[in-house]
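Chemist: model this:
(one chain, ligands or ions: 2)
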Amino acid sequence: ISPFAPRHLLSIADLTSTELTTLVRNASSHKTEIKSGSVPKNLLGALSGKTVAMMFNKRSTRTRVSTEAAVATMGGHAMFLGKDDIQLGVNESLYDTSLIISSMTSCMVARVGDHSEVADLAKHSSVPVINALSNDYHPLQTIADFLTIHEAFPSSSRSLGNTPGLGLEGLKIAWVGDSNNVLFDLAIGALKLGVNISVASPKGFTIPPAMLDIINSSTSGVSSPGKLTQTHVPEEAIKDADILVTDTWVSMGQEAEKVERMRAFEGYQITNKLAKRGGAKEGWKFMHCLPRHPEEVADEVFYGPRSLVFQEGENRLWAAISALEGFVVNKGKIV
Ligand code: CP
Ligand code: NVA
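Modeler: Ligands and ions are numbered 1, 2, ... in the order given. Below is the predicted model of the structure:
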(Lines give C-alpha, C1' and ligand atoms only; values in the text may rest on other atoms or scores of the structure.)
(Ligands and ions follow the chains in the order given, each with its own letter.)
Protein backbone atom coordinates (compact mmCIF):
# COMPACT_ATOMS: atom_id res chain seq x y z
CA ILE A 1 0.00 0.00 0.00
CA SER A 2 1.27 3.45 -0.91
CA PRO A 3 2.48 5.47 2.08
CA PHE A 4 0.70 8.50 0.63
CA ALA A 5 -3.04 8.51 1.18
CA PRO A 6 -4.64 9.44 -2.13
CA ARG A 7 -7.39 12.02 -2.29
CA HIS A 8 -10.80 10.75 -3.42
CA LEU A 9 -13.88 12.34 -4.97
CA LEU A 10 -16.84 10.66 -3.31
CA SER A 11 -19.14 13.65 -3.02
CA ILE A 12 -19.16 17.37 -3.78
CA ALA A 13 -18.89 17.74 0.02
CA ASP A 14 -15.23 16.66 -0.39
CA LEU A 15 -14.51 19.93 -2.22
CA THR A 16 -14.20 23.50 -0.99
CA SER A 17 -16.24 26.01 -2.94
CA THR A 18 -13.03 27.27 -4.55
CA GLU A 19 -12.14 23.74 -5.65
CA LEU A 20 -15.60 23.16 -7.10
CA THR A 21 -15.30 26.44 -8.96
CA THR A 22 -11.85 25.44 -10.25
CA LEU A 23 -13.07 22.05 -11.48
CA VAL A 24 -15.91 23.75 -13.37
CA ARG A 25 -13.62 26.45 -14.77
CA ASN A 26 -11.06 23.86 -15.89
CA ALA A 27 -13.83 21.81 -17.51
CA SER A 28 -14.94 24.93 -19.35
CA SER A 29 -11.51 25.88 -20.64
CA HIS A 30 -10.67 22.30 -21.68
CA LYS A 31 -13.99 22.18 -23.54
CA THR A 32 -13.11 25.31 -25.50
CA GLU A 33 -9.56 24.23 -26.27
CA ILE A 34 -10.27 20.60 -27.17
CA LYS A 35 -13.26 21.56 -29.33
CA SER A 36 -11.04 23.97 -31.21
CA GLY A 37 -8.75 21.09 -32.07
CA SER A 38 -5.95 20.91 -29.51
CA VAL A 39 -5.51 19.04 -26.26
CA PRO A 40 -4.15 21.25 -23.45
CA LYS A 41 -0.40 20.65 -22.94
CA ASN A 42 -0.78 19.41 -19.38
CA LEU A 43 -3.33 16.80 -20.48
CA LEU A 44 -1.57 15.55 -23.58
CA GLY A 45 -0.42 12.02 -22.73
CA ALA A 46 -0.97 12.77 -19.05
CA LEU A 47 -2.36 9.26 -18.48
CA SER A 48 -0.08 7.56 -20.98
CA GLY A 49 0.76 4.06 -19.79
CA LYS A 50 -1.83 4.34 -17.02
CA THR A 51 -4.99 2.35 -16.45
CA VAL A 52 -8.23 3.61 -14.93
CA ALA A 53 -10.41 0.79 -13.58
CA MET A 54 -14.13 1.42 -14.06
CA MET A 55 -16.08 -0.79 -11.67
CA PHE A 56 -19.76 -0.44 -12.51
CA ASN A 57 -22.40 -2.44 -10.65
CA LYS A 58 -25.18 -0.62 -12.50
CA ARG A 59 -25.90 0.38 -16.07
CA SER A 60 -24.58 3.64 -17.48
CA THR A 61 -24.48 5.53 -20.75
CA ARG A 62 -23.09 8.98 -19.93
CA THR A 63 -20.80 8.15 -17.04
CA ARG A 64 -19.26 5.20 -18.82
CA VAL A 65 -18.80 6.90 -22.18
CA SER A 66 -17.56 10.20 -20.72
CA THR A 67 -15.04 8.49 -18.46
CA GLU A 68 -13.71 6.22 -21.19
CA ALA A 69 -13.48 9.13 -23.61
CA ALA A 70 -11.80 11.34 -21.01
CA VAL A 71 -9.16 8.70 -20.25
CA ALA A 72 -8.53 8.23 -24.00
CA THR A 73 -8.15 12.00 -24.48
CA MET A 74 -5.35 11.93 -21.93
CA GLY A 75 -3.69 8.91 -23.54
CA GLY A 76 -4.64 6.37 -20.89
CA HIS A 77 -6.46 3.06 -20.88
CA ALA A 78 -9.93 2.72 -19.36
CA MET A 79 -10.67 -0.82 -18.21
CA PHE A 80 -14.40 -1.41 -17.89
CA LEU A 81 -15.35 -3.98 -15.24
CA GLY A 82 -19.07 -4.66 -15.15
CA LYS A 83 -20.82 -6.53 -12.39
CA ASP A 84 -20.43 -9.89 -14.10
CA ASP A 85 -16.76 -9.38 -14.92
CA ILE A 86 -15.01 -9.42 -11.57
CA GLN A 87 -15.23 -11.38 -8.35
CA LEU A 88 -16.50 -8.40 -6.35
CA GLY A 89 -19.89 -9.00 -4.76
CA VAL A 90 -19.88 -12.68 -5.63
CA ASN A 91 -16.67 -14.21 -4.42
CA GLU A 92 -14.46 -11.46 -3.00
CA SER A 93 -14.64 -8.68 -0.42
CA LEU A 94 -14.43 -4.95 -1.12
CA TYR A 95 -11.27 -4.82 0.98
CA ASP A 96 -9.42 -7.48 -1.05
CA THR A 97 -10.72 -6.07 -4.34
CA SER A 98 -9.66 -2.54 -3.48
CA LEU A 99 -6.13 -3.58 -2.52
CA ILE A 100 -5.66 -5.67 -5.64
CA ILE A 101 -7.15 -3.32 -8.23
CA SER A 102 -5.47 -0.24 -6.79
CA SER A 103 -2.11 -2.05 -6.85
CA MET A 104 -2.36 -2.36 -10.64
CA THR A 105 -4.07 0.85 -11.74
CA SER A 106 -3.91 4.63 -11.33
CA CYS A 107 -7.53 5.30 -10.42
CA MET A 108 -10.78 3.49 -9.66
CA VAL A 109 -14.03 4.98 -10.92
CA ALA A 110 -16.88 3.11 -9.25
CA ARG A 111 -20.65 3.00 -9.66
CA VAL A 112 -22.25 1.26 -6.70
CA GLY A 113 -25.48 0.89 -4.72
CA ASP A 114 -24.95 1.73 -1.08
CA HIS A 115 -22.58 4.67 -0.66
CA SER A 116 -20.57 2.70 1.91
CA GLU A 117 -19.34 0.48 -0.94
CA VAL A 118 -17.50 3.28 -2.72
CA ALA A 119 -16.40 4.71 0.64
CA ASP A 120 -14.92 1.30 1.56
CA LEU A 121 -13.14 1.01 -1.77
CA ALA A 122 -11.63 4.44 -1.14
CA LYS A 123 -10.65 3.66 2.41
CA HIS A 124 -8.41 0.79 1.35
CA SER A 125 -7.24 2.09 -2.02
CA SER A 126 -3.73 3.26 -2.78
CA VAL A 127 -5.04 5.28 -5.76
CA PRO A 128 -7.75 7.94 -6.08
CA VAL A 129 -11.33 6.68 -6.16
CA ILE A 130 -13.97 8.67 -8.03
CA ASN A 131 -17.63 8.03 -7.29
CA ALA A 132 -19.46 7.36 -10.55
CA LEU A 133 -22.86 7.33 -8.73
CA SER A 134 -23.85 5.85 -5.42
CA ASN A 135 -27.25 5.83 -3.75
CA ASP A 136 -26.25 9.09 -2.05
CA TYR A 137 -24.13 11.14 -4.45
CA HIS A 138 -23.21 11.86 -8.07
CA PRO A 139 -20.33 14.34 -8.02
CA LEU A 140 -19.36 14.10 -11.71
CA GLN A 141 -22.93 15.02 -12.62
CA THR A 142 -22.82 18.06 -10.35
CA ILE A 143 -19.60 19.36 -11.93
CA ALA A 144 -21.20 19.02 -15.39
CA ASP A 145 -24.38 20.67 -14.12
CA PHE A 146 -22.61 23.75 -12.84
CA LEU A 147 -20.64 23.98 -16.08
CA THR A 148 -23.99 23.95 -17.88
CA ILE A 149 -25.47 26.58 -15.57
CA HIS A 150 -22.32 28.70 -15.93
CA GLU A 151 -22.71 28.55 -19.73
CA ALA A 152 -26.43 29.30 -19.67
CA PHE A 153 -26.23 32.09 -17.11
CA PRO A 154 -23.05 34.06 -17.72
CA SER A 155 -22.52 36.28 -14.68
CA SER A 156 -22.53 39.39 -16.88
CA SER A 157 -26.25 38.88 -17.42
CA ARG A 158 -26.79 39.76 -13.76
CA SER A 159 -25.26 42.85 -12.21
CA LEU A 160 -23.06 41.03 -9.71
CA GLY A 161 -19.74 42.53 -10.72
CA ASN A 162 -16.52 40.62 -11.11
CA THR A 163 -16.64 37.69 -8.76
CA PRO A 164 -13.70 35.29 -8.49
CA GLY A 165 -16.12 32.35 -8.61
CA LEU A 166 -18.57 31.34 -11.29
CA GLY A 167 -20.82 34.34 -10.76
CA LEU A 168 -23.86 32.21 -10.05
CA GLU A 169 -24.71 33.77 -6.70
CA GLY A 170 -28.38 34.53 -6.30
CA LEU A 171 -29.65 32.13 -8.95
CA LYS A 172 -32.47 29.84 -7.89
CA ILE A 173 -32.79 26.17 -8.78
CA ALA A 174 -36.17 24.47 -8.36
CA TRP A 175 -35.89 20.70 -8.01
CA VAL A 176 -39.28 19.08 -8.58
CA GLY A 177 -39.31 15.34 -7.98
CA ASP A 178 -37.58 12.67 -5.98
CA SER A 179 -35.03 13.46 -3.26
CA ASN A 180 -32.19 11.37 -4.61
CA ASN A 181 -28.44 11.04 -5.18
CA VAL A 182 -28.36 13.60 -8.01
CA LEU A 183 -30.21 16.14 -5.88
CA PHE A 184 -27.98 15.67 -2.81
CA ASP A 185 -24.72 16.58 -4.57
CA LEU A 186 -26.45 19.29 -6.62
CA ALA A 187 -27.75 20.83 -3.40
CA ILE A 188 -24.32 20.68 -1.75
CA GLY A 189 -22.78 22.33 -4.81
CA ALA A 190 -25.51 24.96 -4.98
CA LEU A 191 -25.08 26.01 -1.37
CA LYS A 192 -21.30 26.16 -1.80
CA LEU A 193 -21.69 28.42 -4.84
CA GLY A 194 -24.27 30.76 -3.34
CA VAL A 195 -27.11 29.34 -5.43
CA ASN A 196 -30.50 28.89 -3.74
CA ILE A 197 -32.27 25.58 -4.20
CA SER A 198 -35.87 24.83 -3.47
CA VAL A 199 -36.98 21.21 -3.46
CA ALA A 200 -40.55 20.05 -4.04
CA SER A 201 -41.16 16.39 -3.30
CA PRO A 202 -44.20 14.46 -2.07
CA LYS A 203 -44.67 13.45 1.56
CA GLY A 204 -42.47 10.44 2.27
CA PHE A 205 -39.97 11.44 -0.41
CA THR A 206 -38.31 14.46 1.19
CA ILE A 207 -34.60 14.71 2.00
CA PRO A 208 -33.81 12.38 4.93
CA PRO A 209 -32.84 14.35 8.08
CA ALA A 210 -29.29 12.93 8.19
CA MET A 211 -28.71 13.98 4.58
CA LEU A 212 -30.23 17.40 5.26
CA ASP A 213 -27.62 17.85 8.00
CA ILE A 214 -24.82 16.85 5.63
CA ILE A 215 -26.07 19.27 2.95
CA ASN A 216 -26.51 22.18 5.35
CA SER A 217 -23.20 21.60 7.12
CA SER A 218 -21.32 21.54 3.81
CA THR A 219 -21.54 25.34 3.79
CA SER A 220 -19.13 25.77 6.69
CA GLY A 221 -16.46 28.24 5.65
CA VAL A 222 -18.50 29.49 2.68
CA SER A 223 -18.90 33.25 2.98
CA SER A 224 -22.34 33.65 1.41
CA PRO A 225 -23.85 30.22 0.89
CA GLY A 226 -27.08 29.53 -0.93
CA LYS A 227 -30.18 28.44 0.95
CA LEU A 228 -32.06 25.16 0.74
CA THR A 229 -35.82 25.08 1.23
CA GLN A 230 -38.27 22.18 0.99
CA THR A 231 -41.96 22.01 0.17
CA HIS A 232 -44.56 19.49 -1.01
CA VAL A 233 -45.97 22.02 -3.49
CA PRO A 234 -44.18 22.15 -6.89
CA GLU A 235 -45.48 25.68 -7.58
CA GLU A 236 -43.89 26.95 -4.37
CA ALA A 237 -40.47 25.62 -5.35
CA ILE A 238 -40.81 26.99 -8.87
CA LYS A 239 -41.63 30.56 -7.78
CA ASP A 240 -38.93 32.88 -9.23
CA ALA A 241 -36.73 29.95 -10.21
CA ASP A 242 -34.13 30.36 -12.96
CA ILE A 243 -33.63 26.64 -13.51
CA LEU A 244 -36.14 23.80 -13.18
CA VAL A 245 -34.54 20.39 -12.61
CA THR A 246 -35.78 16.89 -12.17
CA ASP A 247 -34.63 13.29 -12.44
CA THR A 248 -36.28 9.89 -12.68
CA TRP A 249 -38.88 9.07 -10.01
CA VAL A 250 -37.52 5.51 -9.88
CA SER A 251 -33.77 5.33 -9.45
CA MET A 252 -31.78 2.21 -10.25
CA GLY A 253 -32.42 -0.30 -7.47
CA GLN A 254 -35.91 1.06 -6.68
CA GLU A 255 -37.72 -0.81 -9.46
CA ALA A 256 -39.92 -2.73 -6.99
CA GLU A 257 -41.36 0.59 -5.73
CA LYS A 258 -42.38 1.75 -9.20
CA VAL A 259 -46.16 1.56 -8.81
CA GLU A 260 -46.12 3.28 -5.42
CA ARG A 261 -43.77 5.98 -6.66
CA MET A 262 -45.79 6.72 -9.81
CA ARG A 263 -48.80 7.31 -7.61
CA ALA A 264 -46.91 9.45 -5.08
CA PHE A 265 -45.41 11.73 -7.74
CA GLU A 266 -48.66 12.44 -9.56
CA GLY A 267 -48.81 16.19 -10.29
CA TYR A 268 -45.01 16.55 -10.24
CA GLN A 269 -44.47 16.32 -13.99
CA ILE A 270 -42.66 19.43 -15.27
CA THR A 271 -44.73 21.07 -17.98
CA ASN A 272 -44.86 24.60 -19.40
CA LYS A 273 -48.18 25.04 -17.61
CA LEU A 274 -46.72 24.10 -14.24
CA ALA A 275 -43.78 26.47 -14.76
CA LYS A 276 -46.19 29.28 -15.61
CA ARG A 277 -48.53 28.54 -12.74
CA GLY A 278 -45.60 28.42 -10.34
CA GLY A 279 -44.21 31.70 -11.58
CA ALA A 280 -40.76 30.64 -12.81
CA LYS A 281 -38.55 33.50 -14.06
CA GLU A 282 -39.18 34.56 -17.62
CA GLY A 283 -35.93 33.06 -18.94
CA TRP A 284 -36.17 29.79 -17.03
CA LYS A 285 -34.21 26.79 -18.25
CA PHE A 286 -34.69 23.06 -17.79
CA MET A 287 -32.11 20.46 -16.75
CA HIS A 288 -32.14 16.68 -16.26
CA CYS A 289 -29.16 14.36 -15.75
CA LEU A 290 -30.77 11.67 -17.96
CA PRO A 291 -31.89 9.00 -18.59
CA ARG A 292 -35.32 10.62 -18.83
CA HIS A 293 -38.84 9.23 -18.75
CA PRO A 294 -41.86 11.20 -19.99
CA GLU A 295 -43.70 11.00 -16.65
CA GLU A 296 -41.28 13.40 -14.92
CA VAL A 297 -41.08 15.97 -17.73
CA ALA A 298 -43.25 16.60 -20.75
CA ASP A 299 -41.80 16.49 -24.29
CA GLU A 300 -42.63 20.17 -24.80
CA VAL A 301 -40.13 21.06 -22.04
CA PHE A 302 -37.59 18.27 -22.51
CA TYR A 303 -37.23 18.90 -26.27
CA GLY A 304 -38.20 22.57 -26.07
CA PRO A 305 -36.08 25.71 -26.41
CA ARG A 306 -35.53 26.05 -22.65
CA SER A 307 -33.99 22.62 -22.33
CA LEU A 308 -30.26 22.34 -21.61
CA VAL A 309 -30.30 18.56 -21.36
CA PHE A 310 -28.11 17.62 -24.32
CA GLN A 311 -25.55 20.30 -23.53
CA GLU A 312 -25.63 19.04 -19.94
CA GLY A 313 -25.07 15.48 -21.19
CA GLU A 314 -22.10 16.52 -23.33
CA ASN A 315 -20.67 18.42 -20.38
CA ARG A 316 -20.23 15.11 -18.58
CA LEU A 317 -17.17 14.59 -20.82
CA TRP A 318 -15.59 17.90 -19.83
CA ALA A 319 -16.40 17.25 -16.17
CA ALA A 320 -14.73 13.83 -16.38
CA ILE A 321 -11.60 15.31 -17.95
CA SER A 322 -11.46 17.99 -15.26
CA ALA A 323 -11.97 15.49 -12.41
CA LEU A 324 -9.33 13.08 -13.75
CA GLU A 325 -6.94 16.00 -14.16
CA GLY A 326 -7.51 17.14 -10.59
CA PHE A 327 -7.59 13.80 -8.82
CA VAL A 328 -5.28 11.61 -10.92
CA VAL A 329 -2.90 13.81 -12.95
CA ASN A 330 -2.51 16.45 -10.23
CA LYS A 331 -2.97 13.97 -7.35
CA GLY A 332 -5.81 15.82 -5.65
CA LYS A 333 -4.38 19.29 -6.00
CA ILE A 334 -7.23 21.17 -7.60
CA VAL A 335 -5.62 24.16 -9.27
N1 CP B 1 -26.52 10.97 -15.83
C2 CP B 1 -25.92 9.77 -15.77
O3 CP B 1 -25.14 9.48 -14.87
O4 CP B 1 -26.23 8.92 -16.78
P5 CP B 1 -25.78 7.39 -16.90
O6 CP B 1 -26.53 6.62 -15.85
O7 CP B 1 -26.18 7.01 -18.29
O8 CP B 1 -24.30 7.31 -16.67
N1 NVA C 1 -31.12 8.92 -9.76
C2 NVA C 1 -30.71 8.10 -10.87
C3 NVA C 1 -29.59 8.75 -11.58
C4 NVA C 1 -29.05 8.01 -12.76
C5 NVA C 1 -27.94 8.74 -13.43
C6 NVA C 1 -30.34 6.71 -10.37
O7 NVA C 1 -29.71 6.62 -9.32
O8 NVA C 1 -30.68 5.74 -11.03
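Chemist: need the three-state assignment for the residue of the stretch 1-150 of the chain found nearest ligand 2.
Modeler: Distances between the stretch 1-150 of the chain and ligand 2 by CB to the nearest ligand atom are smallest at Leu133, namely 5.7 Å. Heads up, the C-betas are built off the backbone N, CA and C, glycines and all. In three-state terms, and counting by DSSP: H, G, I helix; E, B strand; the rest coil, Leu133 is coil.
Chemist: could you measure the closest residue to Phe265 other than its chain neighbours against ligand 1, distance?
Modeler: Leaving out its chain neighbours, the residue that sits closest to Phe265 by CB to CB, 6 or more residues apart in numbering is Trp249, at 4.6 Å. In this view, Trp249 and ligand 1 are 15 Å apart by CB to the nearest ligand atom, to the nearest Å.
Chemist: picking up where we left off before, pLDDT value on the residue of the stretch 1-150 of the chain closest to ligand 2, please?
Modeler: On pLDDT, Leu133 comes in at 98.
Chemist: could you pull up the residues touching it?
Modeler: 58, 60, 63, 111-112, 141, 181 (CB atoms under 8 Å, 6 or more residues apart in numbering).
Chemist: can you put those residues in JSON lines and add distance to ligand 2, neighbour count and pLDDT?
Modeler: Below are those laid out as JSON lines (distance: CB to the nearest ligand atom, whole Å; neighbours: other CB atoms under 10 Å; pLDDT from 0 to 100):
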{"residue": "Lys58", "distance to ligand 2": "7", "neighbour count": "16", "pLDDT": "97"}
{"residue": "Ser60", "distance to ligand 2": "7", "neighbour count": "19", "pLDDT": "98"}
{"residue": "Thr63", "distance to ligand 2": "7", "neighbour count": "25", "pLDDT": "98"}
{"residue": "Arg111", "distance to ligand 2": "9", "neighbour count": "24", "pLDDT": "98"}
{"residue": "Val112", "distance to ligand 2": "11", "neighbour count": "25", "pLDDT": "97"}
{"residue": "Gln141", "distance to ligand 2": "7", "neighbour count": "26", "pLDDT": "99"}
{"residue": "Asn181", "distance to ligand 2": "5", "neighbour count": "24", "pLDDT": "98"}
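Chemist: near ligand 1, from these?
Modeler: 60, 63, 141 (CB under 6 Å from any ligand atom).
Chemist: distance to Lys285 and secondary structure added to those, as TSV?
Modeler: Converted to TSV, the ones next to ligand 1 among the contacts of Leu133 look like this (distance: CB to CB, whole Å; DSSP: H, G, I helix; E, B strand; the rest coil):
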residue	distance to Lys285	secondary structure
Ser60	25	coil
Thr63	23	helix
Gln141	16	helix
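Chemist: buried by neighbour count: which residues of stretch 323-330 qualify?
Modeler: Across stretch 323-330, burial judged by 16 or more other CB atoms under 10 Å covers 323-329.
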